[in-house]
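In: Sharing a sequence plus its predicted fold:
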Amino acid sequence: MRSTRSLSDSVAQAVTEAMSTALPPQVRDRDPLVRRSDHADYQSNVALSLAKTLGRPSRDIGGLVADALAAAKDPVIARCAVSGPGFVNITVPDAVVWSRIAARRADARLGVGLPLAGRRIVVDYSSPNIAKQMHVGHLRTTVIGDALARLLAFLGATVIRQNHLGDWGTQFGMLIQYLDEHPETRWRHDDPDTTITELDTLYRRARAAFDADADFAHRARARVVALQGGDAETVRVWRDLVEESRRSFRSLYERLGVLLEPGDDAAESAYNGDLDAVVEDLTRAGILVHSEGALCVFDPEQSGPESRAPLIVRKADGGYGYAATDLATIRHRVRTLRADTILYVVDARQARHFDMVFATARRAGWLDDSVRTVHICFGTVLGPDGTPFKTRSGANVPLSRLLDSAVARARAVVADKDPTLDEAALAAVAEAAGIGAVKYADLSASRVKDYVFDLDRMVALRGDTGVYLQYAHARIHSILRNAAPADLRAPIDTTLPLYRSERALALLLDDFTHVLADTARAYEPHRLAGYLFTLARTYTEFYENCPVLKAPDPALRANRLALCALTGDTLARGLNLLGIAAPQRL
Ligand code: ARG
């Protein structure tokens, strides 16, 4: 494995060197601001940013840089020229472009290096609640978290996935008590999906009883105490609930193509033994305040404590809640898991919770400057009416049902496109397309914004959809299947001129490394999704303008096939990093 330098990096280096000969010392190590250009391959915008500092017209500065760049005769620069207010337009030699493509083509990692090697990154994601179905609210955390886990690992980080299952809390007293009083309830089934649906129903009944019947509520609370006290029978039922729920989550993860495995489960209850120590640490740090019987941490920046609710570490009844557990996660992830970065992929509505948890962890001394904690927040999935997506009766939409309808919708689209598919092939393609469509729609939307869940748009063959990308990838494979093996094996001829659409495609392929780095830096999968969409479109334009299998000359044919193959591999890798299947045939 050898990483291939990006052309834009090579160009940036050449411009930096030119700056150091042409410009005064105080601005020599400025960012050369190299970007893709509409007028050439790249442009440097540095002159415009220096006009004020240097007190000279930007066009003059651009001229100085361009002259020095031309004089340096760097092999990565074919031509450069100043334009407009001082942009330096730069063209790269065709042979250099071809040789970078050849280098990426020759590497299983497509020339992408391991910039995150040595890093240890915890990704807390999915984290559904025991005895409840995963619903649309768990879609984003699961899909975004998984994409980030894949990408960060590909870039060399040691990624530690943590599925913070909600398996603890007063609701279990209610559920177990209800089961005890209704022994006829048969909630366990062979099919994990049915089991979790039954549990979900049961949960609602138990909740209704709890709200309506004060005596039941009282017995349910006693059950919580029994659970926390380790009463054997109560614990046994609780364990059953946890195990059966995990089984159902697992089957959903498999269907979704999510990496999470049983070993990644780090449930809330796993921190029970740490909670007293959390309180001790906070006490020692002097930040715990007794307030109405509870132990709280107040925001030190806030003068009037009543204006902002504190973090409640221990409730007045002595019980620990969600906040205490999350404090314990930080302690554990820093001390035991040795993380340098901890990502919490959780709904934006919990922003304040994480703000306070992170701040408290810093004050407690669990977090120092060498460790970053980031709340990877995301917006809400909306229904067609622009309010949070719900069923007609106002309930949360179960994730499995949502996937079923996406697959059904995709099936119609796929069958229409290729009526010759037999039942087995159709079912497989529909599954890949339907699941991919849902994931892509989620990942291609800017993470912090809400988006409208619109199945028809998601499964469309045209437009910015997963199905479109999967077809683009499969079409490339059909071309490669029809190519002569000798043409596929032939090395790239770097002496051939690059045609306009070949060039656009080649420069975009070269950008893959940068896009992955950007995506990882911002923790924003939509950057990668957007790149893949542009890549598929640029490829289509190339394919319409440049005959591949019918290219007149064998060297030209081989070069174009290499562009096709690298595009196919880049699409497949990109989709894989988003957690989306890229079948070779559709
Ligand atoms: N179980 C919670 C929910 O379904 C999400 C937990 C997120 N992770 C965390 N460390 N707080 O809303």
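Out: Cool, got the structure.

In: Contacts made by stretch 463-476 with the rest, please.
Out: Residues from elsewhere that reach stretch 463-476 (Cβ atoms under 8 Å, 6 or more residues apart in numbering): 410, 413, 432-433, 436-441, 444, 457-462, 529-530, 532-533, 536, 539-540, 564-565, 567-568, 571-572, 575, 580-586. For the C-beta atoms, the positions are set from N, CA and C on the backbone; glycine is no exception.

In: do you know how far residue 286 is from residue 360?
Out: 12 Å (Cβ to Cβ, to the nearest Å).

In: So between the two, which is more surrounded?
Out: residue 360 (27 against 9; other Cβ atoms under 10 Å).

In: after the helix or strand where the more buried one lies, next one along is what?
Out: Residue 360 is part of helix 351-364 when elements are defined by DSSP states H and E. Where DSSP H and E defines the elements, the next helix or strand beyond helix 351-364 is strand 372-376.

In: what about that next one, near the ligand?
Out: No. Strand 372-376 does not reach the ligand (Cβ under 6 Å from any ligand atom); its nearest approach is 9.6 Å.

In: If I take that strand and helix 351-364, what angle do their directions form?
Out: 170 degrees (axes from the mean of the first three to the mean of the last three Cα atoms, to 10 degrees).

In: Could you report the neighbour count for the closest residue to residue 545 other than its chain neighbours?
Out: In space, residue 545 comes closest to residue 501 once its chain neighbours are excluded; the distance is 4.3 Å by Cβ to Cβ, 6 or more residues apart in numbering. Using other Cβ under 10 Å, residue 501 has 18 other residues around it.

In: Flag every buried residue along the strand or helix carrying residue 501.
Out: For residue 501, the host element (DSSP H and E) is helix 500-510. Of all the residues in helix 500-510, those buried under the rule 16 or more other Cβ atoms under 10 Å are 501, 502, 503, 504, 505, 506, 507, 508, 509, 510.

In: What residues does the fourth one make contact with?
Out: Contact criterion Cβ under 8 Å, 6+ apart gives 538, 541, 542 as the residues in contact with residue 504.

In: which among the residues you listed end up buried?
Out: Using 16+ other Cβ under 10 Å, the buried ones in the contacts of residue 504 are 538, 542.

In: with the contacts of residue 504 in mind, which one is nearest to the ligand?
Out: The closest of the contacts of residue 504 to the ligand turns out to be residue 538 (Cβ to the nearest ligand atom; 38.4 Å).

In: Show me what the helix or strand encompassing the closest one is packed against.
Out: Using DSSP H and E, residue 538 maps to helix 525-545. Helix 525-545 is packed against helix 139-154, helix 423-444, helix 466-482, helix 500-510, helix 512-522, helix 554-578, with contacts defined by 3 or more Cβ pairs under 8 Å, 6 or more residues apart in numbering; DSSP states H and E.

In: tell me the most buried of the ones you listed?
Out: helix 139-154 (a mean of 25; mean count of other Cβ atoms under 10 Å).

In: one step back: mind saving the C-alpha coords of the helix holding residue 501 as PDB?
Out: Extracted C-alpha coordinates of helix 500-510, given in PDB (Å, rounded to 0.1, in the frame of the first residue of the first chain):
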ATOM      1  CA  ARG A 500     -11.900  17.300 -22.100                       C
ATOM      2  CA  SER A 501     -14.300  14.800 -20.500                       C
ATOM      3  CA  GLU A 502     -11.500  12.400 -19.700                       C
ATOM      4  CA  ARG A 503      -9.700  15.100 -17.900                       C
ATOM      5  CA  ALA A 504     -12.800  16.200 -15.900                       C
ATOM      6  CA  LEU A 505     -13.200  12.600 -14.800                       C
ATOM      7  CA  ALA A 506      -9.600  12.000 -14.100                       C
ATOM      8  CA  LEU A 507      -9.200  15.100 -11.900                       C
ATOM      9  CA  LEU A 508     -12.300  14.200 -10.000                       C
ATOM     10  CA  LEU A 509     -11.000  10.600  -9.400                       C
ATOM     11  CA  ASP A 510      -7.800  12.200  -8.100                       C
END
